[in-house]
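>>> Sequence first, then the predicted structure:
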Amino acid sequence: MNRPFNFSAGPAVMPEEVLRQAAEEMLDWRGSGMSVMEMSHRGKEFISIYEQTEADLRELLAVPPEFKILFMQGGGLAENAIVPLNLSQGGAIDLVVTGSWSQKSLKEAGKYCAVHLAASNASTGYKNLPDPGSWQLNAEAAYVHICTNETIDGVEFHTLPDLKALGSKAPLVIDFSSHVASRPVDWTRVGLAFGGAQKNLGPAGLTLVVVREDLLGHALQACPSAFNYQMVADNQSMFNTPPTYAIYMAGLVFQWLKRQGGIAAVEARNIAKAKLLYSAIDGSQLYTNKVDPECRSRMNIPFYLRDESLNEAFLTGARAQGLLQLKGHKSVGGMRASLYNAMPVRGAQALVDYLREFEKKSA
């Protein structure tokens, strides 16, 4: 089967061999007589899946032992509420706005605690990142929240800020939904990381939370038990029924990542894919990317046709070439190509070939 290349921002492309393995195991997982969809989350079969999935993720991301890995539900949007319910302790937090998703975080967190806007790049149209040295941090903040990769706007923190060097004692909370497992994480600078799985880890329905143990046990009284990190950690992510099939699928993705050579190998490939596409855009007279090159995302690459009357023709031609889901987010328009881990280099090359072909025909 000659599958098209899916550039969707999420739910997103998954490795073909993972999908084939899941299909083969759909009716009978390893002789159990059950599909993973049918298993009790407390049965020995699923417990073995869960334990292997957690172990593989801890290995891949080099998660230190003092961090708990939680498999939850609700996606990144829900975590915008769940994090302040667990960590704000009724006080204030610092939040840095760098795009559409961190703007959503600002709005949602404000329902549960006082939010101090420490920095924003809104004045530039979310096209760069505010220098951490310019952030106005609150000495009493319970934590500092950033989105390390803005899926819509295409800006990415290539280095995490060192809050200690900035004079802050607060833990750093990162939303790494759209670039998790695409690059290493400096856990010495992170207190909590969260992300929806549907971009780089697996299907929609699973949310990953990696939280330092000393941050547990401070949830507000109003925090629902199923969202209380301490409760979830104490019950090995099974206080309520977890998204079992999504955990299984993520586990297959983790095993695939290990077969690729781990995060270092995957990161090198991601760098190559992004360089390929950005070079084509920058060398063009028809396409443009408006993000500061110093903070361009490797995962989500928005671009625009200088002649927007050609947009529909561009998308129609792309679909005919098997290049899917290139239309930009409705809030910003234009185009967007998401180059997640499962997008092969040949997919990025196919898009570059099409960009050049379309520009030549449109000249």
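Received, thanks.
>>> ok, longest helix in the protein?
helix 262-282 (DSSP state H).
>>> Contact partners for the nearest residue to residue 204 once chain neighbours are set aside?
Once flanking residues are discounted, residue 204 sits nearest to residue 198: 3.9 Å by CB to CB, 6 or more residues apart in numbering. All C-beta spots, glycine's among them, are computed from the backbone N, C-alpha and C. Each residue near residue 198 by CB atoms under 8 Å, 6 or more residues apart in numbering is listed here: 10, 11, 12, 75, 204, 205, 206.
>>> and residue 324, what are its bridge partners?
residue 6 (DSSP bridges).
>>> Please name the residues that touch it.
So residue 324 contacts 4, 5, 6, 7, 8, 318 (CB under 8 Å, 6+ apart).
>>> ok, which pair from the residues you listed is furthest apart?
8 and 318 (12.7 Å; CB to CB).
>>> and residue 328, how far is that from residue 337?
To residue 337, residue 328 is 10 Å away according to CB to CB, to the nearest Å.
>>> neighbour count winner among the two?
With neighbours defined as other CB atoms under 10 Å, residue 328 and residue 337 compare such that residue 337 has more, 29 against 18.
>>> which element follows the longest helix of the chain toward the C-terminus?
strand 287-288 (DSSP states H and E).
>>> you'd agree residue 285 is up against residue 359?
Yes: judged on CB atoms under 8 Å, residue 285 makes contact with residue 359 at a distance of 7.1 Å.
>>> can I see the domain layout of this structure?
Segmentation of the chain into domains, based on automatic domain parsing, reads 17-258, 262-362.
>>> So for the shortest one, first residue to last residue, what's the gap.
Translated: domain 262-362. 41 Å (CA to CA, to the nearest Å).
>>> Near residue 224, how many other residues are there?
Neighbour tally, residue 224, other CB under 10 Å: 12.
>>> Could you check stretch 33-49 and say which residues are buried?
For stretch 33-49, the neighbour count (16 or more other CB atoms under 10 Å) marks 34, 36, 39, 41, 45, 46, 49 as buried.
>>> Check those and tell me the two furthest apart.
Farthest pair in the buried residues of stretch 33-49, by CB to CB: 34 and 41, 12.4 Å.
>>> Would you mind measuring from the residue nearest to residue 347 when sequence neighbours are not counted to residue 322?
Spatial nearest neighbour of residue 347, chain neighbours left out: residue 5 (3.9 Å); criterion: CB to CB, 6+ apart. In this structure, residue 5 and residue 322 are 6 Å apart, going by CB to CB.
>>> which residues do the two both contact?
Common neighbours of residue 5 and residue 322, using CB under 8 Å, 6+ apart, are residue 350.
>>> out of these two, which sits in the busier spot?
Legend: neighbour count by other CB under 10 Å for residue 5 and residue 322, higher for residue 5 (22 against 14).
>>> Quick check: phi and psi on residue 150?
phi -90, psi 110 (degrees, to the nearest 10).
>>> got a pLDDT number for the nearest residue to it once chain neighbours are set aside?
Excluding its sequence neighbours, the residue lying closest to residue 150 (CB to CB, 6+ apart) is residue 99, at 3.1 Å. pLDDT recorded at residue 99 is 96.
>>> Check residue 2 too.
Residue 2 is given a pLDDT of 82.
>>> That one in helix, strand or coil?
Classification of residue 2 using DSSP: H, G, I helix; E, B strand; the rest coil returns coil.
>>> any idea how far it lies from residue 273?
Between residue 2 and residue 273 the distance is 20 Å, computed by CB to CB.
>>> pLDDT weak spots in the chain?
Scanning the chain with the threshold set as pLDDT under 70 gives 1.
>>> quick one on the thing from earlier: which of residue 2 and residue 273 has more residues huddled nearby?
With neighbours defined as other CB under 10 Å, residue 2 and residue 273 compare such that residue 273 has more, 26 against 4.
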